[in-house]
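*Asks:* Requesting a structural model of the entry that follows:
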Amino acid sequence: MKASYMFMSDPRANDGTVMDWVECLAELKQNGLDGVDVFARQLAKMGLATDAFMARIRDMGLVPAVYCIHTDFISPGADVQASLDAVRAGAEVCVKHGIGHLFSAGGQHTNSGPAAMDRYVAGLQQALEITRQAGLALSIENAGQMCHTWQSLLECVERVGPDMKVTLDGGNFILAGSDAIEAAEHLGPRVVHVHVKNFVPDPDHRPYPYRYCPPDQGITDYRRLVTILAQAGFDGFLAFEPEGWPDAPAPQGVRYCAQLASMAAPSG
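*Replies:* Numbering: from 1, shown residues only. All right, here's what the predicted structure looks like:
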């Protein structure tokens, strides 16, 4: 296993100011960072050309861990063709830059119910055919109101097909009232990536009665989770999610991911 960082928002320094992204990744590399989860939307927001970004992180001794695209196969009336075009474009980026995993997210926070699940399954089946032909893994995560529990996520990927993979988010299961350890036990063979964040109870916090904390201190026991996944054959990236600033500083989170990866490394 290796440590990654989700490049999904403007990186923050300890004082809350926006950091130069190169300086941010350089600091995180000193804390054990191996890879970067590359979010297409964040590159576009920052005006960063994909090819130049990929070249720069490789020059820094980092690798692109996964390429992340926004899709919506779920919302009523969603433009499925536009999402499939995004999958094709994402697959092209992956093939060009030697990335074996495409992550698809979108539509899960505002939709729920059987009809939404049917739409999601149908769209993912088409997306999976695109990534299969490109020789890539395709994954979705547990999030929002769709596939947010391990049971509903398992139902979805089983309906899509045996090649549909999972990015397991150990923090989102807390928000859904689900159990990340049970998720690892039931979904382990399909997991290709892990999002690492954590929460502690906070009854006064809204919209969920939890607040961010460093990932080694919250409800989800990542040491146990990683052990279960390793036993299921997982050997991918543990990606720190930086949205918990200032309660979960990125250097500390990445360092913990690196420690987890080292713990899971085979002896001898």
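*Asks:* And the strands in the stretch 1-150 of the chain, which stretches?
*Replies:* Here the stretch 1-150 of the chain has its strands, by DSSP state E, counting those that start in this stretch, at 2-7, 35-39, 63-70, 101-105, 137-141.
*Asks:* which one of the ones you listed lies closest to Glu27?
*Replies:* Taking Cβ to Cβ, strand 2-7 is the member of the strands of the stretch 1-150 of the chain nearest to Glu27, at 10.4 Å. For the C-beta atoms, the positions are set from N, CA and C on the backbone; glycine is no exception.
*Asks:* Need the winner for burial among the strands of the stretch 1-150 of the chain.
*Replies:* When those are scored by mean count of other Cβ atoms under 10 Å, the highest mean neighbour count falls to strand 2-7 (a mean of 26).
*Asks:* what's the angle between that strand and strand 63-70?
*Replies:* With axes from the mean of the first three to the mean of the last three Cα atoms, to 10 degrees as the basis, strand 2-7 and strand 63-70 are set at 40 degrees to each other.
*Asks:* so Phe173 sits in a strand?
*Replies:* No. Counting by DSSP: H, G, I helix; E, B strand; the rest coil, Phe173 falls outside a strand, being helix.
*Asks:* Confirm for me that it is in contact with Ala184.
*Replies:* No. Counting by Cβ atoms under 8 Å, Phe173 does not reach Ala184; the two are 9.7 Å apart.
*Asks:* Just the C-alpha atoms of stretch 17-27, please, in CSV.
*Replies:* Extracted in CSV, the C-alpha atoms of stretch 17-27 (Å, rounded to 0.1, in the frame of the first residue of the first chain):
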residue,chain,number,x,y,z
THR,A,17,-4.2,30.7,3.6
VAL,A,18,-4.1,29.0,0.2
MET,A,19,-0.8,27.4,-0.4
ASP,A,20,1.0,27.1,-3.7
TRP,A,21,0.1,23.6,-4.8
VAL,A,22,3.7,22.6,-5.6
GLU,A,23,4.8,23.7,-2.1
CYS,A,24,1.9,21.8,-0.6
LEU,A,25,2.8,18.5,-2.3
ALA,A,26,6.5,19.0,-1.6
GLU,A,27,5.6,19.3,2.1
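*Asks:* May I see the buried residues of that stretch?
*Replies:* The neighbour-count check on stretch 17-27 (16 or more other Cβ atoms under 10 Å) flags Met19, Trp21, Cys24, Leu25, Glu27 as buried.
*Asks:* and of those residues, the nearest to Ala264?
*Replies:* Nearest to Ala264 among these, counting by Cβ to Cβ, is Leu25 at 23.1 Å.
*Asks:* Let me see the contact set for the closest one.
*Replies:* The contact partners of Leu25, taken as Cβ atoms under 8 Å, 6 or more residues apart in numbering, are Tyr5, Phe7, Pro11, Leu33, Val36, Ile57, Met60, Leu62.
*Asks:* wait, what's in contact with the fourth one?
*Replies:* Put plainly, it is Leu33. Ala3, Ser4, Tyr5, Leu25, Leu62, Val254, Ala258.
*Asks:* Max pairwise distance over the residues you listed: which two?
*Replies:* Leu25 and Ala258 (14.1 Å).
*Asks:* Who are the contact partners of Met1?
*Replies:* Neighbours of Met1 in contact, by Cβ under 8 Å, 6+ apart: Val226, Ala230, Phe234, Asp235, Gly236, Phe237, Leu238, Leu260, Ala261, Ala264, Ala265.
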